[in-house]
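*Asks:* sharing a sequence plus its predicted fold:
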Amino acid sequence: MPETVAFIGLGNMGGPMSARLVRAGYRVVGFDVAAQARQALADAGGTAAPDLAGAVRAASVIVLMLPNSAVVEATVRDPRFVAAPGTIVVDMSSSEPLRTRALAVELAQRGVTLVDAPVSGGVSRARSGELTIMTGGEPADLGRVEPVLAHLGTTTRAGAVGSGHAVKALNNLLSATHLLVTCEAMVAGERFGLDPRTMLSIFNSSSGRSGSTENKWPNYILPGTYDSGFGLRLMLKDMRIATGLADQVGAPDPLGHAATDLWTQAAEALEDSADHTEIVTWLRKD
Ligand code: NAD
(Lines give C-alpha, C1' and ligand atoms only; values in the text may rest on other atoms or scores of the structure.)
Protein backbone atom coordinates (compact mmCIF):
# COMPACT_ATOMS: atom_id res chain seq x y z
CA MET A 1 0.00 0.00 0.00
CA PRO A 2 1.63 3.31 -1.03
CA GLU A 3 1.99 6.11 1.52
CA THR A 4 -0.96 8.51 1.58
CA VAL A 5 -0.17 12.20 1.21
CA ALA A 6 -2.90 14.79 1.80
CA PHE A 7 -2.48 17.89 -0.35
CA ILE A 8 -4.44 20.99 0.68
CA GLY A 9 -4.36 23.90 -1.79
CA LEU A 10 -4.36 22.78 -5.42
CA GLY A 11 -3.83 26.15 -7.14
CA ASN A 12 -1.16 27.37 -9.55
CA MET A 13 1.59 25.66 -7.54
CA GLY A 14 -0.26 22.96 -5.60
CA GLY A 15 -1.89 21.64 -8.79
CA PRO A 16 1.29 20.63 -10.61
CA MET A 17 3.07 19.64 -7.36
CA SER A 18 0.30 17.25 -6.32
CA ALA A 19 0.21 15.80 -9.84
CA ARG A 20 3.93 15.04 -9.59
CA LEU A 21 3.38 13.12 -6.34
CA VAL A 22 0.66 11.09 -8.06
CA ARG A 23 3.09 10.24 -10.85
CA ALA A 24 5.73 9.31 -8.24
CA GLY A 25 3.38 6.60 -6.91
CA TYR A 26 1.95 8.22 -3.79
CA ARG A 27 -1.73 7.95 -3.00
CA VAL A 28 -2.60 11.66 -3.07
CA VAL A 29 -5.85 12.82 -1.52
CA GLY A 30 -6.32 16.52 -2.14
CA PHE A 31 -8.67 19.28 -1.15
CA ASP A 32 -9.20 22.82 -2.41
CA VAL A 33 -12.16 25.13 -1.90
CA ALA A 34 -12.24 25.58 -5.70
CA ALA A 35 -14.10 22.75 -7.47
CA GLN A 36 -12.04 23.27 -10.64
CA ALA A 37 -8.80 22.65 -8.72
CA ARG A 38 -10.22 19.44 -7.19
CA GLN A 39 -11.25 18.25 -10.64
CA ALA A 40 -7.73 18.87 -11.98
CA LEU A 41 -6.27 16.58 -9.29
CA ALA A 42 -8.81 13.87 -10.15
CA ASP A 43 -7.91 14.25 -13.84
CA ALA A 44 -4.23 13.81 -12.89
CA GLY A 45 -5.01 10.48 -11.20
CA GLY A 46 -5.30 11.65 -7.59
CA THR A 47 -8.29 11.52 -5.29
CA ALA A 48 -10.22 14.75 -4.78
CA ALA A 49 -11.80 14.80 -1.34
CA PRO A 50 -15.14 16.61 -1.01
CA ASP A 51 -14.01 18.29 2.21
CA LEU A 52 -11.00 18.84 4.44
CA ALA A 53 -11.79 15.88 6.70
CA GLY A 54 -11.79 13.51 3.74
CA ALA A 55 -8.32 14.62 2.67
CA VAL A 56 -6.66 14.65 6.08
CA ARG A 57 -8.11 11.45 7.55
CA ALA A 58 -5.84 8.73 6.20
CA ALA A 59 -2.67 10.72 5.57
CA SER A 60 0.66 10.34 7.35
CA VAL A 61 1.99 13.48 5.63
CA ILE A 62 -0.18 16.55 5.03
CA VAL A 63 1.15 19.15 2.57
CA LEU A 64 -0.28 22.67 2.65
CA MET A 65 0.12 24.95 -0.40
CA LEU A 66 -2.17 27.80 0.60
CA PRO A 67 -2.10 31.58 0.06
CA ASN A 68 -0.78 32.74 3.45
CA SER A 69 -0.47 32.18 7.22
CA ALA A 70 -4.05 33.23 7.93
CA VAL A 71 -5.42 30.51 5.63
CA VAL A 72 -2.91 27.96 6.96
CA GLU A 73 -3.96 28.67 10.55
CA ALA A 74 -7.66 28.56 9.71
CA THR A 75 -7.14 25.23 7.95
CA VAL A 76 -5.31 23.42 10.75
CA ARG A 77 -7.69 24.87 13.37
CA ASP A 78 -10.75 23.78 11.39
CA PRO A 79 -12.60 21.07 13.37
CA ARG A 80 -12.56 18.95 10.19
CA PHE A 81 -8.74 18.91 10.24
CA VAL A 82 -8.49 15.73 12.29
CA ALA A 83 -4.87 14.61 11.95
CA ALA A 84 -3.82 11.51 13.85
CA PRO A 85 -1.04 11.96 16.41
CA GLY A 86 2.28 11.32 14.68
CA THR A 87 1.14 13.02 11.50
CA ILE A 88 3.56 15.52 9.97
CA VAL A 89 2.27 18.74 8.40
CA VAL A 90 4.50 20.35 5.75
CA ASP A 91 3.64 23.99 5.14
CA MET A 92 4.97 24.69 1.64
CA SER A 93 3.07 28.00 1.41
CA SER A 94 5.01 31.24 1.77
CA SER A 95 3.90 31.87 5.35
CA GLU A 96 5.11 34.18 8.13
CA PRO A 97 8.03 32.68 10.07
CA LEU A 98 6.99 33.77 13.56
CA ARG A 99 3.40 32.60 13.03
CA THR A 100 4.82 29.29 11.79
CA ARG A 101 6.84 28.87 14.99
CA ALA A 102 3.76 29.59 17.12
CA LEU A 103 1.67 27.18 15.06
CA ALA A 104 4.27 24.43 15.49
CA VAL A 105 3.93 24.75 19.27
CA GLU A 106 0.13 24.67 19.00
CA LEU A 107 0.13 21.58 16.76
CA ALA A 108 2.66 19.79 18.97
CA GLN A 109 0.04 19.90 21.75
CA ARG A 110 -2.13 17.76 19.44
CA GLY A 111 0.74 15.36 18.77
CA VAL A 112 1.17 16.72 15.26
CA THR A 113 4.54 17.96 13.92
CA LEU A 114 4.84 21.03 11.70
CA VAL A 115 7.76 21.70 9.38
CA ASP A 116 8.01 24.49 6.80
CA ALA A 117 9.16 23.89 3.23
CA PRO A 118 8.39 26.90 1.03
CA VAL A 119 9.57 26.94 -2.56
CA SER A 120 11.06 29.11 -5.25
CA GLY A 121 10.97 28.49 -8.97
CA GLY A 122 7.40 29.26 -9.98
CA VAL A 123 4.86 27.25 -11.90
CA SER A 124 7.24 26.02 -14.61
CA ARG A 125 9.60 24.44 -12.06
CA ALA A 126 6.65 23.11 -10.06
CA ARG A 127 5.71 21.23 -13.23
CA SER A 128 9.24 19.96 -13.91
CA GLY A 129 10.03 19.03 -10.29
CA GLU A 130 12.93 21.47 -10.14
CA LEU A 131 11.79 23.74 -7.32
CA THR A 132 14.22 25.12 -4.78
CA ILE A 133 12.80 23.99 -1.43
CA MET A 134 14.00 25.61 1.79
CA THR A 135 13.06 23.79 4.95
CA GLY A 136 12.74 24.52 8.64
CA GLY A 137 12.35 21.93 11.37
CA GLU A 138 14.05 19.29 13.46
CA PRO A 139 16.45 17.18 11.38
CA ALA A 140 14.60 13.94 12.20
CA ASP A 141 11.25 15.46 11.13
CA LEU A 142 12.77 16.83 7.93
CA GLY A 143 14.25 13.41 7.23
CA ARG A 144 10.73 11.96 7.27
CA VAL A 145 9.41 14.31 4.58
CA GLU A 146 12.46 14.67 2.35
CA PRO A 147 11.64 11.53 0.31
CA VAL A 148 8.32 13.20 -0.64
CA LEU A 149 9.96 16.57 -1.32
CA ALA A 150 12.59 14.92 -3.54
CA HIS A 151 9.89 14.52 -6.23
CA LEU A 152 9.25 18.27 -6.20
CA GLY A 153 12.73 19.75 -6.22
CA THR A 154 16.01 20.17 -4.38
CA THR A 155 15.87 20.71 -0.64
CA THR A 156 18.18 22.76 1.56
CA ARG A 157 17.75 22.69 5.32
CA ALA A 158 17.67 26.31 6.54
CA GLY A 159 17.41 25.72 10.31
CA ALA A 160 14.74 25.38 12.99
CA VAL A 161 11.02 25.54 12.21
CA GLY A 162 10.15 28.88 10.56
CA SER A 163 13.61 29.22 8.97
CA GLY A 164 12.41 28.16 5.54
CA HIS A 165 9.65 30.77 5.68
CA ALA A 166 12.14 33.45 6.77
CA VAL A 167 14.57 32.83 3.90
CA LYS A 168 11.71 32.52 1.40
CA ALA A 169 10.33 35.96 2.28
CA LEU A 170 13.81 37.49 2.16
CA ASN A 171 14.40 35.88 -1.25
CA ASN A 172 11.20 37.42 -2.61
CA LEU A 173 12.12 40.84 -1.25
CA LEU A 174 15.27 40.55 -3.40
CA SER A 175 13.32 39.23 -6.37
CA ALA A 176 10.65 41.96 -6.27
CA THR A 177 13.15 44.73 -5.74
CA HIS A 178 15.37 43.73 -8.66
CA LEU A 179 12.34 43.16 -10.88
CA LEU A 180 11.14 46.70 -10.22
CA VAL A 181 14.51 48.32 -10.86
CA THR A 182 14.95 46.13 -13.96
CA CYS A 183 11.62 47.48 -15.23
CA GLU A 184 12.81 51.03 -14.56
CA ALA A 185 16.04 50.41 -16.49
CA MET A 186 14.24 48.70 -19.39
CA VAL A 187 11.64 51.46 -19.74
CA ALA A 188 14.37 54.13 -19.62
CA GLY A 189 16.36 52.26 -22.27
CA GLU A 190 13.30 51.80 -24.50
CA ARG A 191 12.51 55.53 -24.31
CA PHE A 192 16.12 56.31 -25.21
CA GLY A 193 15.61 54.17 -28.31
CA LEU A 194 17.42 50.98 -27.32
CA ASP A 195 16.16 47.59 -28.46
CA PRO A 196 14.85 45.65 -25.42
CA ARG A 197 16.26 42.30 -26.59
CA THR A 198 19.68 43.85 -27.13
CA MET A 199 19.54 45.39 -23.67
CA LEU A 200 18.64 42.04 -22.07
CA SER A 201 21.39 40.27 -23.98
CA ILE A 202 23.95 42.78 -22.70
CA PHE A 203 22.59 42.75 -19.13
CA ASN A 204 22.68 38.96 -19.11
CA SER A 205 26.39 38.89 -19.75
CA SER A 206 27.04 41.84 -17.44
CA SER A 207 26.81 42.61 -13.74
CA GLY A 208 23.16 43.75 -13.92
CA ARG A 209 21.84 40.25 -14.65
CA SER A 210 19.30 38.53 -12.40
CA GLY A 211 16.27 36.28 -12.60
CA SER A 212 14.41 39.37 -13.77
CA THR A 213 16.67 39.83 -16.82
CA GLU A 214 17.23 36.11 -17.49
CA ASN A 215 13.70 34.83 -16.96
CA LYS A 216 10.90 37.29 -16.23
CA TRP A 217 11.59 39.89 -18.91
CA PRO A 218 12.25 37.52 -21.83
CA ASN A 219 9.54 34.97 -20.92
CA TYR A 220 6.62 36.96 -19.53
CA ILE A 221 7.08 40.70 -20.10
CA LEU A 222 8.53 41.07 -23.61
CA PRO A 223 5.96 38.66 -25.12
CA GLY A 224 3.25 40.58 -23.21
CA THR A 225 1.74 37.39 -21.78
CA TYR A 226 2.24 38.21 -18.07
CA ASP A 227 1.52 34.56 -17.28
CA SER A 228 4.21 33.58 -14.76
CA GLY A 229 1.44 32.22 -12.51
CA PHE A 230 2.62 34.18 -9.45
CA GLY A 231 0.17 36.85 -8.40
CA LEU A 232 1.29 40.41 -7.68
CA ARG A 233 -0.52 40.37 -4.35
CA LEU A 234 1.28 37.20 -3.28
CA MET A 235 4.61 38.89 -4.04
CA LEU A 236 3.60 41.94 -2.00
CA LYS A 237 2.59 39.66 0.89
CA ASP A 238 6.11 38.17 0.87
CA MET A 239 7.76 41.61 0.77
CA ARG A 240 5.74 42.67 3.80
CA ILE A 241 6.76 39.48 5.64
CA ALA A 242 10.42 40.20 4.87
CA THR A 243 10.38 43.86 5.90
CA GLY A 244 8.37 42.92 9.00
CA LEU A 245 11.02 40.34 9.87
CA ALA A 246 13.84 42.87 9.34
CA ASP A 247 12.04 45.37 11.56
CA GLN A 248 11.45 42.77 14.28
CA VAL A 249 15.15 41.91 14.46
CA GLY A 250 16.25 45.55 14.13
CA ALA A 251 17.93 45.13 10.72
CA PRO A 252 18.15 48.23 8.50
CA ASP A 253 15.80 47.98 5.50
CA PRO A 254 15.15 51.41 3.95
CA LEU A 255 15.29 50.10 0.37
CA GLY A 256 13.05 47.15 1.23
CA HIS A 257 10.42 49.55 2.63
CA ALA A 258 10.69 51.86 -0.39
CA ALA A 259 10.23 48.92 -2.77
CA THR A 260 7.30 47.59 -0.72
CA ASP A 261 5.61 51.03 -0.85
CA LEU A 262 5.94 51.07 -4.67
CA TRP A 263 4.58 47.52 -5.02
CA THR A 264 1.69 48.53 -2.71
CA GLN A 265 0.82 51.38 -5.10
CA ALA A 266 0.92 48.95 -8.02
CA ALA A 267 -1.33 46.49 -6.20
CA GLU A 268 -3.86 49.27 -5.55
CA ALA A 269 -3.83 50.33 -9.21
CA LEU A 270 -3.96 46.91 -10.89
CA GLU A 271 -6.64 44.20 -10.95
CA ASP A 272 -6.73 41.78 -7.99
CA SER A 273 -5.79 38.97 -10.38
CA ALA A 274 -2.69 40.75 -11.79
CA ASP A 275 0.42 38.65 -12.30
CA HIS A 276 3.46 40.05 -10.52
CA THR A 277 5.18 40.65 -13.88
CA GLU A 278 2.47 43.25 -14.64
CA ILE A 279 4.36 45.62 -12.33
CA VAL A 280 5.85 47.02 -15.57
CA THR A 281 2.40 48.07 -16.85
CA TRP A 282 1.89 50.12 -13.69
CA LEU A 283 5.33 51.69 -14.10
CA ARG A 284 4.73 52.59 -17.75
CA LYS A 285 1.53 54.46 -16.88
CA ASP A 286 3.40 56.96 -14.64
P1 NAD B 1 -3.06 30.10 -5.83
O2 NAD B 1 -3.92 31.25 -5.40
O3 NAD B 1 -3.00 29.76 -7.27
O4 NAD B 1 -3.48 28.76 -5.03
C5 NAD B 1 -3.94 28.75 -3.72
C6 NAD B 1 -5.04 27.72 -3.66
O7 NAD B 1 -5.51 27.61 -2.32
C8 NAD B 1 -6.26 28.10 -4.52
O9 NAD B 1 -6.57 27.05 -5.42
C10 NAD B 1 -7.38 28.32 -3.51
O11 NAD B 1 -8.65 27.94 -4.00
C12 NAD B 1 -6.92 27.42 -2.37
N13 NAD B 1 -7.48 27.77 -1.09
C14 NAD B 1 -7.64 29.00 -0.55
N15 NAD B 1 -8.19 28.89 0.68
C16 NAD B 1 -8.36 27.56 0.91
C17 NAD B 1 -8.87 26.82 2.01
N18 NAD B 1 -9.30 27.43 3.12
N19 NAD B 1 -8.91 25.48 1.91
C20 NAD B 1 -8.47 24.84 0.78
N21 NAD B 1 -7.99 25.50 -0.29
C22 NAD B 1 -7.93 26.83 -0.21
O23 NAD B 1 -1.61 30.42 -5.25
P24 NAD B 1 -0.22 29.75 -5.69
O25 NAD B 1 0.41 30.64 -6.70
O26 NAD B 1 -0.42 28.30 -5.93
O27 NAD B 1 0.60 29.99 -4.34
C28 NAD B 1 0.45 29.16 -3.20
C29 NAD B 1 1.54 29.54 -2.20
O30 NAD B 1 2.81 29.35 -2.82
C31 NAD B 1 1.49 31.01 -1.76
O32 NAD B 1 1.85 31.11 -0.42
C33 NAD B 1 2.51 31.68 -2.67
O34 NAD B 1 3.04 32.85 -2.10
C35 NAD B 1 3.54 30.57 -2.81
N36 NAD B 1 4.37 30.58 -4.03
C37 NAD B 1 3.82 30.78 -5.26
C38 NAD B 1 4.65 30.75 -6.38
C39 NAD B 1 4.12 30.98 -7.78
O40 NAD B 1 4.93 31.16 -8.69
N41 NAD B 1 2.80 30.94 -8.00
C42 NAD B 1 6.02 30.50 -6.25
C43 NAD B 1 6.53 30.26 -4.98
C44 NAD B 1 5.69 30.29 -3.87
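*Replies:* That came through, no problem.
*Asks:* tell me which stretches of the stretch 1-150 of the chain form helices.
*Replies:* Counting by DSSP state H, counting those that start in this stretch, the segments of the stretch 1-150 of the chain that form helices are 14-23, 35-43, 52-56, 69-77, 97-108, 122-128, 139-149.
*Asks:* do the stretch 151-286 of the chain as well
*Replies:* 163-192, 196-203, 211, 232-248, 254-269, 279-285.
*Asks:* of all those helices, which one is nearest the ligand?
*Replies:* helix 232-248 (3.9 Å; CB to the nearest ligand atom). Any C-beta I mention is one placed from the backbone N, CA and C, and that applies to glycine too.
*Asks:* the closest residue to the ligand within the stretch 1-150 of the chain: how many residues sit nearby?
*Replies:* Nearest residue of the stretch 1-150 of the chain to the ligand, counting by CB to the nearest ligand atom: residue 11, 1.9 Å away. The tally of other residues near residue 11 (other CB atoms under 10 Å) stands at 20.
*Asks:* which ones are touching it?
*Replies:* Each residue near residue 11 by CB atoms under 8 Å, 6 or more residues apart in numbering is listed here: 32, 34, 37, 65.
*Asks:* please apply the same query to residue 156.
*Replies:* Residue 156 touches 132, 133, 134, 135, counting by CB under 8 Å, 6+ apart.
*Asks:* repeat that for 6 Å
*Replies:* With contact set as CB atoms under 6 Å, 6 or more residues apart in numbering, residue 156 has these partners: residue 134.
*Asks:* mind pulling the model confidence for residue 195?
*Replies:* With respect to pLDDT, residue 195 scores 98.
*Asks:* from residue 221, how far out is it?
*Replies:* 15 Å (CB to CB, to the nearest Å).
*Asks:* for these two, indicate the residue with more neighbours.
*Replies:* Comparing residue 195 with residue 221 by other CB under 10 Å, the one with more neighbours is residue 221, at 24 against 10.
*Asks:* what sits against the more buried one?
*Replies:* Applying CB under 6 Å, 6+ apart, we find residue 221 in contact with 277, 280.
*Asks:* apply 8 Å and report the result again.
*Replies:* 183, 186, 277, 280.
*Asks:* the third one and the ligand: what is the separation?
*Replies:* Going back to what we said before, that points to residue 277. Taking CB to the nearest ligand atom, to the nearest Å as the measure, residue 277 and the ligand are separated by 11 Å.
*Asks:* quick check: that residue touching residue 220?
*Replies:* Yes: Residue 277 lies in contact with residue 220 (CB atoms under 8 Å); the separation is 4.3 Å.
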